[in-house]
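In: Provide a 3D model corresponding to the input given below.
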Amino acid sequence: MSDEEHHFESKADAGASKTYPQQAGTIRKNGYIVIKSRPCKVVEVSTSKTGKHGHAKCHFVGIDIFSGKKLEDIVPSSHNCDVPHVNRTDYQLIDISEDGFVSLLTENGNTKDDLRLPTDETLLTQVNC
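Out: Residues are numbered from 1 along each chain as shown. Now for the predicted structure:
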């Protein structure tokens with residue numbers, strides 16, 4: 001063994017994955033799945049029986065959690081699907097400042113003041129202020 005030190009330089013990201021694998025047959029309605037590279041909430045699941053030489057297949061219908069678009073996918077029930085890590089946090093609105101920043105109350109009683117209202121007119125009409 002040599003006494004010299006080895007230094008490794010890594011350009012890789014040390015962050016956690018945005019998805020995790022889950023067997024298609026275990027994904028249920030109201031769960032989450034990635035369909036066509038988009039995170040979706042599952043609104044309908046149907047499973048077909050196995051064919052003479054094939055696997056049972058799961059038909060997923062999901063709603064994109066960001067755009068609201070309906071997406072569908074068919075996957076063999078024994079194969080793995082990507083499932084997104086989904087975190088939902090509810091806040092209570094305290095105040096809206098003149099410059100468009102909102103003051104929100106978190107569940108533990110702290111305030112969050114770094115969120116700005118959207119400047120797009122169509123989004124502003126959807127936010128009931």
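In: Tell me the backbone dihedrals of residue 26, please.
Out: With angles defined as degrees, to the nearest 10, residue 26 sits at phi -100, psi 0.
In: how much space between it and residue 33?
Out: Residue 26 sits 11 Å away from residue 33, going by Cβ to Cβ, to the nearest Å. Yep, even glycine has a C-beta here, placed from its N, CA and C like the rest.
In: Please apply the same query to residue 46.
Out: Relative to residue 33, residue 46 is positioned 14 Å away (Cβ to Cβ).
In: likewise residue 107?
Out: From residue 107 across to residue 33, the span is 27 Å (Cβ to Cβ).
In: More neighbours: those two, which one.
Out: More crowded of residue 107 and residue 33, by other Cβ atoms under 10 Å: residue 33, with 24 against 9.
In: How far does stretch 67-80 stretch from one end to the other?
Out: The first residue of stretch 67-80 is 25 Å away from its last residue (Cα to Cα, to the nearest Å).
In: Could you do stretch 85-99 as well?
Out: 33 Å.
In: Mean confidence (pLDDT) on it, please.
Out: For stretch 85-99, mean pLDDT rounds to 88.
In: next one: it to chain centre, how far?
Out: Its chain's C-alpha centre and that of stretch 85-99 lie 18 Å apart, by Cα atoms, centre = their mean, to the nearest Å.
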